[in-house]
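In: need a structure here:
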Amino acid sequence: MVILSILTLTLYWLYTGSSGEPQNIPDIKKVEAQKESMDLAIYYFKITGSDAYLVREIHSVPYSDDGPGSAIKELIGGEPKTPGAERVLPADTRLLGISIKDSLAMVDFSSEVLKTGVGSTGEALGIQSIVNTLTEFPQIREVSFQVEGKSDGRAMDWWGHVGLYGQPFKRNLEKVHQPAIWVTHPVAGQVSGVPLLIKGSARIPGGGVKARLLDENGKKIAESTAASPTTPGRGGFEISITYTPPGKGKGTLEVFWNSSGEESPRDTVKIPIQWP
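Out: All right, here's what the predicted structure looks like:
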């Protein structure tokens, strides 16, 4: 009882200080709210009359300490948002486990994963959709697959065309056609630095990726441009914007592109930010 009383008093003084008023007490409700969900980048398959490619989507899922596992489960059971996009993994596929060592993720699926009936293009894109989804996590650079703990025999043939003969597989965004632009830095709600560094990926038919900062009234504060690979290539971009913060409060970062001589922005990505 004495030890418990001392501990209680110690915690009280840590949180109140000599004034007896609470100081720096974490808002438990706010912390819990932040952990209720998390955003994951998921890659789905899409086929049109003239092409087949991948689309990248951001899905909000229940928070989990196992981000890679949650991403694979969303890839299996989530609903694509992009019109025409499809899940390539059978809905009854189960994730048996993921182990990560030296940046290599070994993904073990149940035998249901082998029931997909797609052609060689669908198989190649299906494999890449899993690899790209997992390599969104910085601790993963390569991906290999197993079926019921094995990677030989029937598992090695995978869906009967490409197979797993080339594993481990690496990240490849060449066949990711949608969206035209996405931004990986900064994230929504982030406090903007000066200068503000913007990172992302773009697949545009010419010109360069542009970024501009707007105050809370929509007035432009600053703008900058970065060169980007032209179609059909996709490439990463970085843009640095030097600006004078308008004061405390919020603003908006817009990232977009437009053709030479064109004023209207295309494929605009809007990210709410806070001024430093």
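In: so residue 86 touches residue 80, yeah?
Out: Yes. Applying Cβ atoms under 8 Å, one finds residue 86 in contact with residue 80, separated by 6.5 Å. Any C-beta I mention is one placed from the backbone N, CA and C, and that applies to glycine too.
In: who touches both of the two?
Out: residue 44 (Cβ atoms under 8 Å, 6 or more residues apart in numbering).
In: more crowded one of these two?
Out: residue 80 (18 against 14; other Cβ atoms under 10 Å).
In: in space, what's closest to that one - neighbours in sequence excluded?
Out: Take residue 80 and drop its neighbours on the chain: the residue closest to it by Cβ to Cβ, 6 or more residues apart in numbering is residue 44, 4.5 Å away.
In: tell me the spacing between that neighbour and residue 153.
Out: 29 Å (Cβ to Cβ, to the nearest Å).
In: of these two, who's got more company?
Out: Between residue 44 and residue 153, residue 44 has the larger neighbour count (other Cβ under 10 Å), namely 24 against 8.
In: contact partners for that one?
Out: 54-55, 57, 75, 80, 82, 85-88, 129 are the contacts of residue 44 under Cβ under 8 Å, 6+ apart.
In: can I have the buried ones of these as a PyMOL selection?
Out: Listed next is the PyMOL selection for buried residues among these, using 16 or more other Cβ atoms under 10 Å:
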select buried, resi 54+55+57+75+80+85+87+88+129
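In: let me know the closest of the contacts of residue 44 to residue 225.
Out: Among the contacts of residue 44, residue 55 lies closest to residue 225 (Cβ to Cβ), at 25.9 Å.
In: so the closest one touches residue 48, yeah?
Out: No. Using Cβ under 8 Å, residue 55 is not in contact with residue 48, being 11.2 Å away.
In: what are the buried residues along the one helix or strand residue 131 maps to?
Out: Using DSSP states H and E, residue 131 sits in helix 120-134. Using 16+ other Cβ under 10 Å as the test for burial, helix 120-134 gives 121-134.
In: tell me which element residue 263 is part of?
Out: Per DSSP H and E, there is no helix or strand for residue 263.
In: could you check the pLDDT of it?
Out: According to the prediction, residue 263 has pLDDT 82.
In: how many neighbours does it have?
Out: 6.
In: got the contact list for residue 72?
Out: 95, 98, 107, 130, 133-134.
In: residue 221 reaches residue 242, doesn't it?
Out: No. Residue 221 is beyond contact range of residue 242, at 10.6 Å (criterion: Cβ under 8 Å).
In: for the residue nearest to residue 80, give the beta-bridge partners.
Out: residue 55 (DSSP bridges).
In: that's a strand at residue 213, yeah?
Out: Yes. Assigned with DSSP: H, G, I helix; E, B strand; the rest coil, residue 213 falls within a strand.
In: go through stretch 64-75 and flag the buried ones.
Out: 67-68, 70-75.
In: show me which of these is closest to residue 194.
Out: residue 67 (30.7 Å).
In: next one: phi and psi at the closest one?
Out: For residue 67, the backbone dihedrals (degrees, to the nearest 10) come out as phi -60, psi -50.
In: pLDDT at it, what is it?
Out: 98.
In: what's the neighbour count on the nearest residue to it once chain neighbours are set aside?
Out: In space, and not counting its chain neighbours, residue 67 is closest to residue 137: 5.9 Å by Cβ to Cβ, 6+ apart. Neighbour count of residue 137, defined by other Cβ under 10 Å: 15.
In: now residue 137: how far from residue 62?
Out: Residue 137 is 17 Å from residue 62, by Cβ to Cβ.
In: contacts for stretch 102-109, please.
Out: Residues contacting stretch 102-109 (Cβ under 8 Å, 6+ apart): 68, 72, 93-100, 130, 134, 139-149, 168.
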